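>>> Fold the following.
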Amino acid sequence: MTIRKAYLVHGLPEDLWRGVLEFYLHRAESFKVRFPNDEELGCGKNDFLSLDGIKVSPWGGMNDAIEVFGLLTPESRRLFSSNRLWDFELLVGTETLLHVSDFIVRMVFATSEELRELEAIGIDTGRWVPVDLNVPHPPVIPFSDQEVAQLREILYEVLRELEERNNET
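Numbering: from 1, shown residues only. Here you go, the predicted structure:
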């Protein structure tokens, strides 16, 4: 089993980022691209929907968004280079190699060998931020109706006081 570690890629110049993207485009077998129902965030949507052999499904991360899944082909690889994509993943099997969200939040899931190969082509991976994805999340403790009512009253009181202060000046 290959051990991959997660890294946040931050502050990498665009030309070097393109090198990372190309590196993983040639290692990945498939992709997932997510498109919200928004013209600005949906750049490339029609291009990806025109590819052969894709699967389109609703994406649960946002209302009215879709996820396009497909195998990487020369045609689909070109689309990654020619479109500014809002959210996508490159995969090998079921493993994510690279995930970009909100255009610029860039996560790489790399093996130690891949890090060495990236360094060899001039990508400084030493500045990438390791991310521990196994951190347990604190439990969600729901508020009772009474607690919600108390919080509402406190907030209304604070807002009334702020409004009164603003009216005094």
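>>> What's the mean pLDDT across the lengthiest helix in the chain?
In the chain, assigned by DSSP state H, the helix with the most residues is helix 145-168. In this model, helix 145-168 has a mean pLDDT of 83.
>>> Centre-most residue in this protein?
Centroid-nearest residue in the chain, with C-alpha atoms, centre = their mean: residue 101, separated by 2.5 Å.
>>> Could you verify my assumption that that residue touches residue 87?
Yes: counting by C-beta atoms under 8 Å, residue 101 does reach residue 87; the two are 4.7 Å apart. (Each C-beta comes from the backbone N, C-alpha and C, glycine too.)
>>> For the protein, give me the ranges with low pLDDT.
In the predicted model, the chain carries pLDDT under 70 at residues 1, 135-141, 169.
>>> coming back round to it: now the residue nearest to the centre of the chain. Its backbone dihedrals?
Backbone torsions of residue 101, given as degrees, to the nearest 10, read phi -130, psi 160.
>>> who does it bridge with?
Residue 101 has the following beta-bridge partners by DSSP bridges: residue 105.
>>> Quick check: the gap between it and residue 53.
From residue 101 across to residue 53, the span is 25 Å (C-beta to C-beta, to the nearest Å).
>>> what about the helices in the chain?
In the chain, helices defined by DSSP H lie at 14-25, 45-49, 74-82, 112-120, 145-168, listed in chain order.
>>> Looking at those, spot the one closest to residue 68.
Distance to residue 68, taken as C-beta to C-beta, is lowest for helix 45-49 among the helices of the chain, at 4.8 Å.
>>> quick one: buried residues of that closest one?
Neighbour-count burial for helix 45-49 flags 45, 47, 48 (criterion: 16 or more other C-beta atoms under 10 Å).
>>> for that helix, packing partners?
Here helix 45-49 is seen to pack against strand 30-35, strand 66-71, helix 74-82 when contacts are counted using 3 or more C-beta pairs under 8 Å, 6 or more residues apart in numbering; DSSP states H and E.
>>> Now do the longest one: everything it contacts.
What it means is helix 74-82. If you take C-beta atoms under 8 Å, 6 or more residues apart in numbering as the criterion, helix 74-82 is touched by 18, 21, 22, 25, 26, 31, 44, 47, 48, 51, 70, 88.
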